[in-house]
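> the sequence and its predicted three-dimensional model are supplied below.
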Amino acid sequence: MNKIFLILIAIGFPLSVIGSLLHFPSVLMFGVYCLTIIAIASIMGRATESLTIVAGPRIGGLLNATFGNAVELIISIFALKAGLIGVVLASLTGSVIGNLLLVGGLSFFIGGIKFKRQRFNVFDARHNVGLLTFSIIVAFVIPEIFTQSMNDTKTISLSVGISVIMIILYLAALFFKLVTHRGVYQTKESEENIKEEVPEWSKGKAIIILALATLAVAYTSERLVHTFQAVGEKFGWSELFIGVIIVAIVGNAAEHASAILMAYKDKMDVAVEIAIGSTLQIAMFVAPILVIVSLLFPVSMPLVFSLPEIIAMVTSVFLTIVIVNDGESNWFEGATLLAAYFIMGIGFYLL
C-alpha cells in the first residue's frame, strides 16, 4: 500500500504542476489533485505514527490532528481568498461530522472486526467531548441565534470576539493536558504498547517529511480550489455538498488513514484522540483562525452556519458522547456512527 501511495505522489504531483500550467480540463485535474493530496496525506500519517511511538498517544494524536488539519486550513484559506465563504463553512461542518462519524465510525468498525472489544482512556475521551459540546453549542449555535437581529458589521464583530475567546480556551486546554495534568489520567497499558514499538522514521526525519509534505499539499490544495466551480456545474454538486463531503474528506485524509491504522493495531487511545481531538481543534482553533484571517480579504467570514449544518454538528457530538462514554468500542458502534454519516451525506447531497 505504501508503494502505491509513493507511485501516486511520483505521478500525481508533477502532473498537478504540468496540468495547472497547461490548463488541463478542470474535472480531470480535480481528480488528480484529490488523489495527490490523499497520497501525500498517507506519508504524513506514517510520519506522525513514528512521532506517536516516540512521544506517546496524547502528543502523537495531537500532532496527527494538527498536521492533518493543516491541510484543511490551507485549502480553506485559499477558498476564502477566492470568496468561497459557503464552501469554507461547509468544509468546517464536514470536518466535524466527518471526524466524529466517518473517522470515528471506521476506526471502531475496522478495529472491532479484528478485536471483539477495544478499550480506550475514558477520562481523555470525556474531557474532549465535554469541550467539544461547549465549543459547538457556544461557538456555533449562539452566533446563529444572536445574529438574527444583527447587521453584518455586528455579526463579524461577534464572530471575531468568539474566535479570540475560543483560541485562548483551546491553548489553555492544551496546557492542561500536556503540562499541568500530563499523565494524570493516562492509562499505563497505552504507554507500554507505544514503547514496545520501533518507529519507522527517526524524530528528525519524520518532522522534515511532515514539513515537505505540508508544502506539497499547500500547492496542490491551492490548485484544487480553482476546480470547485467547474466540477460543481459538471456533476450538479451544490457548494454545500462540495464543502461538507468532498473538501472535508480530502482535507482530512491524513487523519482518516492514521486513525483507522491505529484502531487496527488496537491503539484506541490514539485513534480516539485523533478523531475527537481533531474535531476539537477544528471547532476551537481552525474555525476561529479562519474567521480572523478572513478579515484580510475583501469578504469576511462570519461564524454563522446554516440550520442543517448546525443540526448535523450537534447531532454528531451528542451521538459521539453516547458511544464513547463507557470507554469501550466494538464494530456495531462503529456501524452506527457510519450509518449516521451516510444519512447526513444523503441529506446534504439532496439539498
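That came through fine.
> check which element follows the helix or strand bottoming out on mean pLDDT in the chain along the chain.
Using mean pLDDT, DSSP states H and E, the weakest-scoring helix or strand in the chain turns out to be helix 188-195, at a mean of 50. Using DSSP states H and E, the helix or strand that follows helix 188-195 in sequence is helix 203-225.
> using CSV, write out every CA atom in that next one.
The C-alpha coordinates for helix 203-225 follow below in CSV (Å, rounded to 0.1, in the frame of the first residue of the first chain):
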residue,chain,number,x,y,z
LYS,A,203,12.1,12.1,15.1
GLY,A,204,14.1,14.5,12.9
LYS,A,205,13.4,12.6,9.6
ALA,A,206,9.6,12.5,10.5
ILE,A,207,9.5,16.2,11.1
ILE,A,208,11.3,17.0,7.9
ILE,A,209,9.0,14.7,5.9
LEU,A,210,5.9,16.4,7.5
ALA,A,211,7.2,19.8,6.6
LEU,A,212,7.9,18.9,3.0
ALA,A,213,4.5,17.1,2.7
THR,A,214,2.7,20.1,4.1
LEU,A,215,4.4,22.4,1.4
ALA,A,216,3.4,20.0,-1.3
VAL,A,217,-0.2,19.8,-0.1
ALA,A,218,-0.3,23.6,0.1
TYR,A,219,0.4,23.9,-3.6
THR,A,220,-1.9,21.1,-4.6
SER,A,221,-4.7,22.5,-2.4
GLU,A,222,-4.4,25.9,-3.9
ARG,A,223,-4.9,24.5,-7.4
LEU,A,224,-7.8,22.2,-6.1
VAL,A,225,-9.8,25.2,-5.0
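> now for the helix or strand that it is followed by, which elements pack on it?
Next helix or strand after helix 203-225 toward the C-terminus (DSSP H and E): helix 228-235. Identification of packing neighbours for helix 228-235 by 3 or more CB pairs under 8 Å, 6 or more residues apart in numbering; DSSP states H and E yields helix 26-55. All C-beta spots, glycine's among them, are computed from the backbone N, C-alpha and C.
> so what does the helix it packs on touch, helix or strand wise?
Applying 3+ CB pairs under 8 Å, 6+ apart, we find helix 26-55 packed against helix 2-22, helix 57-81, helix 188-195, helix 203-225, helix 228-235, helix 248-251, helix 253-264.
> would you mind finding the most buried of the ones you listed?
Per residue and on average, the most neighbours among the helices and strands packed on helix 26-55 fall to helix 253-264, with a mean of 26 (mean count of other CB atoms under 10 Å).
> state the mean pLDDT of that one.
Across helix 253-264, the average pLDDT comes to 77.
> what of stretch 103-117?
Mean pLDDT, stretch 103-117: 91.
> same thing with stretch 317-337?
Rounded mean pLDDT across stretch 317-337 is 92.
> now do the buried residues in that stretch.
The neighbour-count check on stretch 317-337 (16 or more other CB atoms under 10 Å) flags 317, 319-321, 323-324, 327, 329-331, 333-334, 336-337 as buried.
> same question, stretch 160-167
Residues of stretch 160-167 classed as buried: 160, 162-163, 166-167 (neighbour count, 16+ other CB under 10 Å).
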